[in-house]
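Colleague: Predicted coordinates and the sequence they were generated for:
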Amino acid sequence: MGSVVVDLPDGPVRLRPVGPDDVAGIEEGFARLSERSRYLRFFSGVNRLSSHQLRSFTDIDQVEHVAVAALVPGHPDAPDPDDGLGVGVARYAPDRPGETAELAVAVTDDHHGRGIGTLLVQALARIAAERGLGALTALTLSENTAMRGVLEHCGAHTVKRRPDEDFAVVRYELPVGVALERAGPARRELLDRLLPWP
């Protein structure tokens, strides 16, 4: 419970909760993000994660703040082959508490195009549904066509910008029921194995 291996077309990916022991893994995964990927994820040039950011990314309650890691089991570069090499992470934090949460996703450049981003969004949707949330929200740069494609594939729709938001930013809302319906029965069955979370 709280962990599942999903067979993607080009190999398995393990999903599990992010925890305090993942600081080194988050740092290593961040180092494998290109400058462009860091800009698209953080909306600015970020060369390294601060100690505060690392704590906020790993020391979380997994109730209101949820974070899911994606790992390639048995990868030769993994510090712990049983756990796997970290290739992605997704998280959500309360947006409208009890109603919606805002998600963010990062996948290392060497694993783009495998469907890991979609899988992570679907995993967050499954956990959010279990917690009684109706929707996940996301902010992404308009130029981030890959993330926009993932969100739209999962069933997200754009919503009107807030007056204080930059025109370069697109706001999405993803009803969790729609995301799970689009995942299909086989994927939903696998995601059910994440529960209870964590």
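Modeller: Here it is on my side, so go on. Everything numeric in this text was worked out from a predicted model, so none of it was measured.

Colleague: Quick check: Val13 vs Pro73, distance?
Modeller: Taking CB to CB, to the nearest Å as the measure, Val13 falls 8 Å from Pro73. No exception for glycine: its C-beta is placed from N, CA and C like everyone else's.

Colleague: Give me the common contacts of these two.
Modeller: Residues within reach of Val13 and of Pro73 at once, by CB atoms under 8 Å, 6 or more residues apart in numbering, are Val5.

Colleague: The two - which one has more neighbours?
Modeller: Comparing Val13 with Pro73 by other CB atoms under 10 Å, the one with more neighbours is Val13, at 23 against 15.

Colleague: Report the secondary structure element holding that one.
Modeller: strand 11-17 (DSSP states H and E).

Colleague: Asp83 now?
Modeller: Assigned by DSSP H and E, Asp83 falls outside every helix and strand.

Colleague: For Thr100, see how far away it is.
Modeller: Counting by CB to CB - Asp83 and Thr100 are separated by 31 Å.

Colleague: now the strand or helix carrying Val6: mean pLDDT?
Modeller: Using DSSP H and E, Val6 sits within strand 4-8. Averaging pLDDT along strand 4-8 gives 96.
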